[in-house]
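> Here is the input, now give the coordinates:
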Amino acid sequence: MSMDKVAKRKYNEIVKYLKDNGKFNKVDTALIEVFANAYASYKKYYEITLEEGAVLTSDKGNKYLNPANMVMQQSFNTMRSLAKELGIGNFSRAKLDMSIQEKDEFKEFLEDDKKQTH
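Okay, the predicted model is just below:
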């Protein structure tokens, strides 16, 4: 799968985040690629929607939803479902952050206990 610069940057950011938090699994690289491409698509079509508007008017005066807005929504939905699967959604990150904090607190507890016994 090919990725543009925006997607490659997001891919590397996610891989680094997962590795830094001990959650990286090489099996997930394809999912990360799809997420990164969906992110790049979302950004591209978000800019188009901002520029053109979410609702367009035909030559006959009929209003219709900007197709760029629909692609943006599809990209967002793809990112949301993959974020859950990859453990990078808001709830997953909160759980991850809590487990890291708990480990840090436990480590501090053990270090304090060592200081008191020596």
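> For F24, which non-adjacent residue is closest in space?
L18 (3.9 Å; CB to CB, 6 or more residues apart in numbering). Any C-beta I mention is one placed from the backbone N, CA and C, and that applies to glycine too.
> Next up, the contacts around that neighbour.
Counting by CB atoms under 8 Å, 6 or more residues apart in numbering, L18 makes contact with F24, N25, D28, I32, L86, G87, I88.
> just the helices in the chain please.
Along the chain, counting by DSSP state H, helices occupy 5-20, 29-52, 67-86, 90-117.
> by contact count, what packs against the third one?
This points to helix 67-86. Secondary-structure packing of helix 67-86 (3 or more CB pairs under 8 Å, 6 or more residues apart in numbering; DSSP states H and E): helix 29-52, helix 90-117.
> which of these has the lowest average pLDDT?
Note on these: helix 90-117 shows the lowest mean pLDDT, a mean of 51.
> burial of S81, as a residue count?
A total of 13 residues lie near S81 under the criterion other CB atoms under 10 Å.
> Also the one 3 residues further on?
K84 sits with 13 neighbouring residues when counted by other CB under 10 Å.
> got it, and A38?
The number of residues packed near A38 is 22, by other CB under 10 Å.
> ditto for D4
D4: 13 neighbours (other CB under 10 Å).
> so who does it touch?
A40.
> Flag every buried residue along stretch 79-88.
Within stretch 79-88, the residues that count as buried by 16 or more other CB atoms under 10 Å are M79, L82, A83, L86, G87, I88.
> Chain neighbours aside, what residue packs nearest to the fifth one?
The shortest distance from G87 to any residue other than its chain neighbours is 5.6 Å, reached at K23 (CB to CB, 6+ apart).
> Equivalent analysis for the last one, please.
Excluding the flanking residues, the one nearest I88 by CB to CB, 6+ apart is I14, at 6.3 Å.
> residues in contact with the one you found?
Shown in contact with I14 (CB under 8 Å, 6+ apart): I32, F35, A36, L86, I88.
> try Y11
Y11 sits next to M3, I32, E33, F35, A36 when contact means CB under 8 Å, 6+ apart.
> now those: which count as buried?
Buried residues within the contacts of Y11, counting neighbours by 16+ other CB under 10 Å: M3, I32, E33, F35, A36.
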